[in-house]
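Engineer: structure of the sequence below:
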Amino acid sequence: VFALGAHYRSKRRFGADYTPVAFYLLIPTFTMLILFNYYPAISGLYHAFTEWEGGNPATFNGLDNFRKMLDDVYLFAGLKNMLILVVCAVIKATVVPFLVAEMLFCLRSPKLKAFFRGAFLIPMVVPGIVMILIWKFVYDPNSGLLNSVLELAGMPGLQRSWLGDPGTALPSLIMIGFPWVGAIGMLIYLAGLQTISTSMFEAHRLESDSIWSRIRHIDIPLVGAQTKLLVILALIQTLQDFFTMLILTDGGPGMATMVPALRMYYAAFQFSHFGYAAAVGVVLFILILIITFINMKLWKTENSCE
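Structural biologist: Modelled structure (predicted):
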């Protein structure tokens, strides 16, 4: 339908000689998009209101799945952990990348800028699963790098099972990726800084030579759009993520690293409660939508007040 409509519109606008091949080539892409993106989302919304257990046919049960959530201790423990992870993810996605972008922006040598920009981008080619497995080795209680360093430093009393201790499991997950120089966030901030007019820097230089004053009064306000984008991306990624916990801690010890997305995964693929898992997915979708909307509205209000 899209290709035929595009063909008709292009023929009217550009004449009969305009080739519609490009639009026809989009048909496989849109077919795959509908089958693997839109259909599962619509199916999940429908099955959230059904009792669907294993291979049995789904039967409508109204709001029963959502009522079950009120008594799900794993889900509520996951919400608490998710809140902590979201706050930390927003800080990691904005603070460090902004500081690194500022340092690159202040470099005068174009060659040094290109070198450091490439150095920060190289880790992006490493698959995420590899990074997770490397950190799993770092936290290994027997032969891990962290405990080995503590032993060499003469601090064996600080050694512990980092991912097996309820008190350190969640902080250990938060520390993954240290020093958190996100290449995408750094590039977004660097692009934002480069779009600031040089006249603003010159005007500020007449009043003050302090670089901290410039960052506070010029750089931070004028990269607000970039910060908003990174905050939204960090929120969505953290609310959806369960892969890290699944590989490293399996949600444990106890419920120390359980998150709602992991609870949804277990409900579906370990206990075959597909209807309940779909309901958890719908709640996560609504939560992401609300948080994103509030973030955009609040940011818009702040910018308008300036």
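Engineer: next, give phi and psi for residue 179.
Structural biologist: phi -90, psi 20 (degrees, to the nearest 10).
Engineer: quick one: contacts for it?
Structural biologist: residue 96 (CB atoms under 8 Å, 6 or more residues apart in numbering). Placement of C-beta: from N, CA and C, glycine included.
Engineer: now the helix or strand containing residue 221: average pLDDT?
Structural biologist: Under the criterion of DSSP states H and E, residue 221 resides in helix 220-222. Taken as a whole, helix 220-222 has a mean pLDDT of 89.
Engineer: which secondary structure elements does that helix contact?
Structural biologist: The helices and strands touching helix 220-222, judged by 3 or more CB pairs under 8 Å, 6 or more residues apart in numbering; DSSP states H and E, number zero.
Engineer: verify the stated contact: residue 69 with residue 79.
Structural biologist: No. Counting by CB atoms under 8 Å, residue 69 stays clear of residue 79, with 10.0 Å between them.
Engineer: who touches both of those two?
Structural biologist: Contacts common to residue 69 and residue 79, judged by CB under 8 Å, 6+ apart, are absent.
Engineer: which one is the residue most central in space within the chain nearest to, not counting chain neighbours?
Structural biologist: The centre of the chain sits closest to residue 237, judged by CA atoms, centre = their mean, with a distance of 2.3 Å. Closest residue in space to residue 237, ignoring its immediate chain neighbours: residue 89 at 7.1 Å, by CB to CB, 6 or more residues apart in numbering.
Engineer: follow-up on the earlier one: what's the next secondary structure element after the helix holding residue 221?
Structural biologist: Criterion used, DSSP H and E; the element after helix 220-222 is helix 224-240.
Engineer: how about that following helix: buried residues?
Structural biologist: Across helix 224-240, burial judged by 16 or more other CB atoms under 10 Å covers 226-235, 238-240.
Engineer: output the helix or strand following it as CSV, nothing but the C-alphas.
Structural biologist: Next along the chain after helix 224-240, taking DSSP H and E as the criterion, comes helix 243-248. C-alpha atoms of helix 243-248 as CSV (Å, rounded to 0.1, in the frame of the first residue of the first chain):
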residue,chain,number,x,y,z
PHE,A,243,20.2,-8.7,29.6
THR,A,244,22.9,-7.6,32.0
MET,A,245,21.2,-9.0,35.1
LEU,A,246,20.3,-12.2,33.3
ILE,A,247,23.9,-12.9,32.4
LEU,A,248,25.7,-11.7,35.5
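Engineer: which element follows helix 243-248 toward the C-terminus?
Structural biologist: Later in the chain than helix 243-248, the nearest helix or strand by DSSP H and E is helix 260-269.
Engineer: what is whatever helix or strand comes next after that following helix packed up against?
Structural biologist: Using DSSP H and E, the helix or strand that follows helix 260-269 towards the C-terminus is helix 274-305. Where contact means 3+ CB pairs under 8 Å, 6+ apart, helix 274-305 is packed against helix 39-47, strand 50-51, helix 64-69, helix 224-240, helix 260-269.
Engineer: which among the ones you listed is found nearest to residue 294?
Structural biologist: Closest approach to residue 294 among the helices and strands packed on helix 274-305 is made by helix 224-240 (10.2 Å; CB to CB).
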